[in-house]
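A.B. asks: Sequence and computational prediction follow.
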Amino acid sequence: MLVLTAVAVVRMRSLFAIAMLSGVFSLLSALLFITLDAVDVAFTEAAVGAGISAVLVLGTLALTSRFEKPTKRSPALPLFVVMVTGAALIYGTLDMPNLGSADAPAQLHVGPDYLERSVEEIDIPNVVTSILASYRGFDTLGETAVVFTAGIGVLMLISGLSRRRRRDDEDDESEEV
């Protein structure tokens, strides 16, 4: 579904449809993260990717045209850059352990250490909460900062749109008189 949505985004010319499909892509990504038991990442993806980003893109669409202008340049160079980047990313993952592998470094070193020391060091009975709140506190703070910044961006965009609409209404009223 992710691949089909990505292909549809690339093939579309309607910017509104692209904005909607981008939100669908983010929701599908959030579902993928849930199946991988990364609920915190799934929540952030759903909030920022599908929610706030979609609102920002739709707000931007209100200020621009509805359709992409046709380009006169060849897509060969951007396609080449994307293919090389994709190949580099795939090459970088070849050395990773299999998903859920018992001999992965996270399962051998970090995970057991967190499980052992979490209750006595932090005194929070839920290990996941103690990891997110304490051991990964800066990471969680970063995710919170991203969500907060995106929320501020949405508020600024909405306030700018309402001011623009008021000005347009005032201009229309002055032209009628």
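C.D. replies: Yes, it's here.

A.B. asks: Could you find the residue nearest the spatial middle of the protein?
C.D. replies: Nearest to the mean C-alpha position of the chain, by C-alpha atoms, centre = their mean, lies residue 49 at 3.3 Å.

A.B. asks: Quick one: residues contacting residue 119.
C.D. replies: Going by C-beta atoms under 8 Å, 6 or more residues apart in numbering, residue 119 touches 125, 127, 130. Every residue, glycine included, has its C-beta placed from N, CA and C.

A.B. asks: ok so, going back, who touches the closest residue to the residue nearest to the centre of the chain other than its chain neighbours in this structure?
C.D. replies: Nearest in space to residue 49, with sequence neighbours left out and distances taken as C-beta to C-beta, 6 or more residues apart in numbering, is residue 26 at 3.0 Å. Each residue near residue 26 by C-beta under 8 Å, 6+ apart is listed here: 45, 46, 48, 49, 50, 53, 54.

A.B. asks: closest to residue 19 among these?
C.D. replies: residue 54 (6.3 Å; C-beta to C-beta).

A.B. asks: send the alpha carbons of stretch 23-38 over as PDB?
C.D. replies: This file holds the C-alpha atoms of stretch 23-38, laid out as PDB (Å, rounded to 0.1, in the frame of the first residue of the first chain):
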ATOM      1  CA  GLY A  23      -1.600  12.200   4.500                       C
ATOM      2  CA  VAL A  24      -2.700   8.700   3.600                       C
ATOM      3  CA  PHE A  25       1.000   7.700   3.100                       C
ATOM      4  CA  SER A  26       1.700   9.000   6.600                       C
ATOM      5  CA  LEU A  27      -1.200   7.100   8.100                       C
ATOM      6  CA  LEU A  28       0.000   3.900   6.400                       C
ATOM      7  CA  SER A  29       3.500   4.600   7.700                       C
ATOM      8  CA  ALA A  30       2.100   4.900  11.200                       C
ATOM      9  CA  LEU A  31       0.300   1.600  10.800                       C
ATOM     10  CA  LEU A  32       3.600   0.000   9.700                       C
ATOM     11  CA  PHE A  33       5.300   1.400  12.900                       C
ATOM     12  CA  ILE A  34       2.500   0.000  15.000                       C
ATOM     13  CA  THR A  35       3.100  -3.500  13.500                       C
ATOM     14  CA  LEU A  36       6.800  -3.100  14.300                       C
ATOM     15  CA  ASP A  37       5.800  -2.300  18.000                       C
ATOM     16  CA  ALA A  38       7.100   1.300  17.700                       C
END
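
A.B. asks: pLDDT of that stretch, averaged?
C.D. replies: The average of the pLDDT scores along stretch 23-38 is 88.

A.B. asks: One more: stretch 105-113?
C.D. replies: 79.

A.B. asks: what about stretch 130-145, start to end distance?
C.D. replies: End-to-end distance of stretch 130-145: 19 Å, with C-alpha to C-alpha, to the nearest Å as the criterion.
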